[in-house]
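**Student:** Dropping the sequence and predicted coords here.
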Amino acid sequence: MIEAHDLTKRYGSKTAVDHLSFTIQPGTVTGFLGPNGAGKSTTMRMIVGLDRPTSGTVTVNGRPYAQHRSPLKEVGVLLDAKAVHPGRSARSHLRTMAATHGISSRRVDEVIEMTGLSAVAGKRVGGFSLGMGQRLGIASAMLGDPRTLILDEPVNGLDPEGVKWVRTLVRYLASEGRTVFLSSHLMSEMAQTADQLLVIGRGKIITAGPVQDVIDSVTGTAVRVRSPQATDLAERLRASGASVTSSEAGVLELHGVSAEQVGETAAANGIVLHELTPQRASLEEAYMNLTQDAVEYRSETQSVPTSPAAAQEARK
């Protein structure tokens, strides 16, 4: 479990993390979301003692990270996969880490196999691809078989097979009762992986809760209906308070009513339905909506030239 109370970090006049209070429960995967500059990395660094809070407290499994006698066995951390001496082999790096905590060489071999590094374990890390470096970072985090994992962008640089492997791994670890706290900018992957979300912007919590609840709280739900008696159905649903729009004949877009209510209304009035589809927004849409006022580094929308002549004109 990770617990933060009034956690704050200032760098001079800039407040990077602003009075955050949250609890990351065991047995779940909690996604940590926010725009660049929102304070995610600073928060994670404070959790594991790399940055000292200006005020407030944060504990992991009931204690500040620095007070754990065997930190690797309590908390597995991936913050920077490149923080490895490039001249060492993957196996040498892991054995060195293991020696500091009395972890056996057999456990080193286990995490090497677990993360798919067996074929390159004897090679220098400096020659690793980004994806292989990420696998080594995850192996390092798993070395002490910890109760809590903190992973910053764990799928960065991984191919589709690797992304699926990380998703399966963290879901399995959570099912064992461990605490899994991870950040990612891949909204589609977070939607499949996380149980809970913690969203911050400009150092403050914007929202938190189960993934679908967060989506629904921002975007709501809609129902798409296709029927040869769409006009009759629309009149009856409007009478019950639903909002009805139509983009084409025989098709209705409904808000303020559930698919079950639509089906029951249709059945009660003998209305034929050819389609009844609940529609939910994506996590990406909800995230963009939530963070639109918290984006510190924003790109300006520009038209893209479609021809050499247009490109030359755009450069004038």
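**Tutor:** Arrived safely.
**Student:** What are the buried residues along stretch 61-71?
**Tutor:** 61, 65, 68, 71 (16 or more other C-beta atoms under 10 Å). In this view, the C-beta of every residue, glycine as well, is placed from N, C-alpha and C.
**Student:** With only the CA atoms kept, save the longest helix along the chain in PDB.
**Tutor:** Secondary structure of the chain read by DSSP state H shows that its longest helix is helix 160-175. Once non-C-alpha atoms are left out, helix 160-175 reads as follows in PDB (Å, rounded to 0.1, in the frame of the first residue of the first chain):
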ATOM      1  CA  PRO A 160       3.200  -5.300 -29.200                       C
ATOM      2  CA  GLU A 161       4.200  -8.700 -27.700                       C
ATOM      3  CA  GLY A 162       6.100  -6.900 -25.000                       C
ATOM      4  CA  VAL A 163       3.300  -4.500 -24.200                       C
ATOM      5  CA  LYS A 164       0.900  -7.500 -23.800                       C
ATOM      6  CA  TRP A 165       3.400  -9.200 -21.600                       C
ATOM      7  CA  VAL A 166       3.700  -6.200 -19.300                       C
ATOM      8  CA  ARG A 167      -0.100  -6.000 -19.100                       C
ATOM      9  CA  THR A 168      -0.500  -9.700 -18.200                       C
ATOM     10  CA  LEU A 169       2.400  -9.400 -15.700                       C
ATOM     11  CA  VAL A 170       1.000  -6.500 -13.700                       C
ATOM     12  CA  ARG A 171      -2.600  -7.900 -13.800                       C
ATOM     13  CA  TYR A 172      -1.200 -11.200 -12.400                       C
ATOM     14  CA  LEU A 173       0.800  -9.400  -9.700                       C
ATOM     15  CA  ALA A 174      -2.200  -7.400  -8.600                       C
ATOM     16  CA  SER A 175      -4.200 -10.700  -8.400                       C
END
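**Student:** Residues contacting the next helix or strand after it, please?
**Tutor:** Sequence-wise, the next helix or strand downstream of helix 160-175 (DSSP states H and E) is strand 179-183. Among residues not part of strand 179-183, those counted as contacts by C-beta atoms under 8 Å, 6 or more residues apart in numbering are 1-2, 24-33, 40, 44, 47, 61, 147-154, 170, 173-174, 193-194.
**Student:** from those, which ones fall inside helices?
**Tutor:** Among these, the ones falling in helices (DSSP H) are 40, 44, 47, 170, 173-174, 193.
**Student:** Of these, which is the nearest to Gly116?
**Tutor:** Distances from the ones in helices among the contacts of strand 179-183 to Gly116 were compared by C-beta to C-beta; the smallest belongs to Val170, at 15.4 Å.
**Student:** That closest one: neighbouring residues, count only.
**Tutor:** A count of neighbours around Val170, defined by other C-beta atoms under 10 Å, yields 22.
**Student:** isn't it right next to Val155, touching?
**Tutor:** No. Distance between Val170 and Val155: 9.9 Å, which falls outside the contact criterion (C-beta atoms under 8 Å).
**Student:** what about Leu173, distance to Ala121?
**Tutor:** With distances defined as C-beta to C-beta, to the nearest Å, the gap from Leu173 to Ala121 amounts to 22 Å.
**Student:** With Gly62 instead?
**Tutor:** Here Gly62 is placed at a distance of 35 Å from Ala121 (C-beta to C-beta).
**Student:** Over to Val17?
**Tutor:** Val17 sits 37 Å away from Ala121, taking C-beta to C-beta as the criterion.
**Student:** Could you check which of those two is surrounded by more residues?
**Tutor:** Ranked by neighbour count (other C-beta under 10 Å), Val17 and Ala121 place Val17 first, with 27 against 19.
**Student:** In strands only, show me the contacts of strand 179-183.
**Tutor:** Among those, the subset assigned to strands under DSSP state E consists of 2, 24, 29-33, 148-152.
**Student:** Who wins on neighbours among those?
**Tutor:** That'd be Ile150 among the ones in strands among the contacts of strand 179-183, by other C-beta under 10 Å, with 27 neighbours.
**Student:** which residues sit in contact with it?
**Tutor:** 2, 44, 47-48, 75-79, 141, 181-182.
**Student:** Tell me which residues touch Ser175, please.
**Tutor:** Residues touching Ser175, when contacts are defined by C-beta under 8 Å, 6+ apart, comprise Gly27.
**Student:** Brilliant, that's me finished.
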